[in-house]
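>>> sequence below, structure please.
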Amino acid sequence: MRAIEFQEYGGPEVLKVVEADVPEPGPGQISIDVAYTGVNFADLKARSEGYRVPGLPFRPGLEVSGRVRAVGAGVAGLAVGQEVAALTEGGAYAEVTVADAATVFPVPSGIGLRTAATLPTVLPTAHALVHTVGRLQPGETVLVQGAAGGVGTVVGQLARAAGAGAVYGVVSSASKAAYAKENGYDEVFVGAFEEPVREATGGRGVDLALDPVGGETLKGSLASLAVFGRLVSFGNASSAEPWTVGQPELYPLGKSVAGFSILSLAATGPAELRRLAELSFAKAVDGTVSLPVTAEFDLAEAAEAHRLMGARTSTGKLLLRVAG
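Predicted coordinates:
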């Protein structure tokens, strides 16, 4: 089978097409004939700096859609030929991949395999940020970093559907701002955001800030909170050094900080992940949210997909077409 792997860390050029043996599922696993693979920023961090890479060579890819190829011992509720979407621990840039059955989800009725590839990471993450961890209440205001990305696109729609008083986004370009405004955002700030947020909220700040960037941006998000505001960190795209927050930042206004990682939840709370996936997938089925695929590449063009995402000019969701 064809697969994409890298044998050293570096730019997109280190991604190579290789011929590999078809993997077989072990106990509690299934193998999947891949139709589409989602491209995520975590894949770029794996390729460039070894994020969640246990060793080289490594095959990236964290989410797929396709059909069950084979079922390992002890797996119930999944059958050969069934259409599924899945989270993987890597290896999704391939014609066949293996996933733990606990992170494999039947594709909902009415959802095609192309759309299904956008579901495993983005929808549960966005739902958790708005509802489970962020606990957004009707009338509250939200600030979202990376508003035009995959998660940001869905968060804007979910926050609007949840009755947010105002949804503010932060992006890196005017074109991204226009895109975000089509997906639930009231105002979108390009670049600097702390002063514009204060002006937009009459000096009050926002009730909920969602940050996948880390570093100085995370500090700015915290500073943009209102009294009793909540900050949820769900990534470190900046690759900044870990930063601690304590009494001086939190006590005066009663702020709180939380975190979320769907990959960590898959390892530590698979039952909670399944419940979260069920809730979030329902929002795609009933039309509450949609996640536009804004670019699609052949599996062999994975490096081009990485170049586009790495240039920070992409919006929505990027996919690799494997056997769609």
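>>> all the helices of the stretch 201-324 of the chain, residue numbers only.
All helices of the stretch 201-324 of the chain, identified by DSSP state H, counting those that start in this stretch, fall at 215-223, 247-250, 262-268, 270-285, 302-310.
>>> L56: which of these is closest?
Checking these against L56 by Cβ to Cβ gives helix 302-310 as the closest, at 16.7 Å. Placement of C-beta: from N, CA and C, glycine included.
>>> distance between that closest one and the chain's centre?
Distance of helix 302-310 from the chain centroid (Cα atoms, centre = their mean, to the nearest Å) equals 16 Å.
>>> so what secondary structure elements neighbour that helix?
strand 29-39, helix 41-49, strand 293-298, strand 317-321 (3 or more Cβ pairs under 8 Å, 6 or more residues apart in numbering; DSSP states H and E).
>>> I'd say A42 and V53 touch.
No - if you go by Cβ atoms under 8 Å, A42 and V53 don't touch, sitting 10.6 Å apart.
>>> neighbour count for these two, which is higher?
A42 (21 against 17; other Cβ atoms under 10 Å).
>>> in contact with the more buried one: list those residues for me.
A42 makes contacts with Y51, R52, L62, L263, as judged by Cβ atoms under 8 Å, 6 or more residues apart in numbering.
>>> can you rerun that using 7 Å?
Counting by Cβ atoms under 7 Å, 6 or more residues apart in numbering, A42 touches Y51, R52, L62.
>>> for G74, same thing?
For G74, counting by Cβ under 7 Å, 6+ apart, the contacting residues are P27, G28.
>>> okay, it: pLDDT?
At G74, the pLDDT value in this model is 97.
>>> distance of it from D100?
11 Å (Cβ to Cβ, to the nearest Å).
>>> spit out the residues that contact those two alike.
G28.
>>> which residues touch the residue of the chain most remote from its centre?
Relative to the centre of the chain, the most outlying C-alpha is that of P252, 32.5 Å out, by Cα atoms, centre = their mean. If you count contacts by Cβ under 7 Å, 6+ apart, P252 has none.
>>> repeat that for P124.
I262, L273, L276, A277, S280.
>>> residue boundaries of the strands in the stretch 1-150 of the chain?
For the stretch 1-150 of the chain, the strands defined by DSSP state E, counting those that start in this stretch cover 2-5, 16-19, 29-39, 63-71, 83-87, 96-100, 104-106, 141-145.
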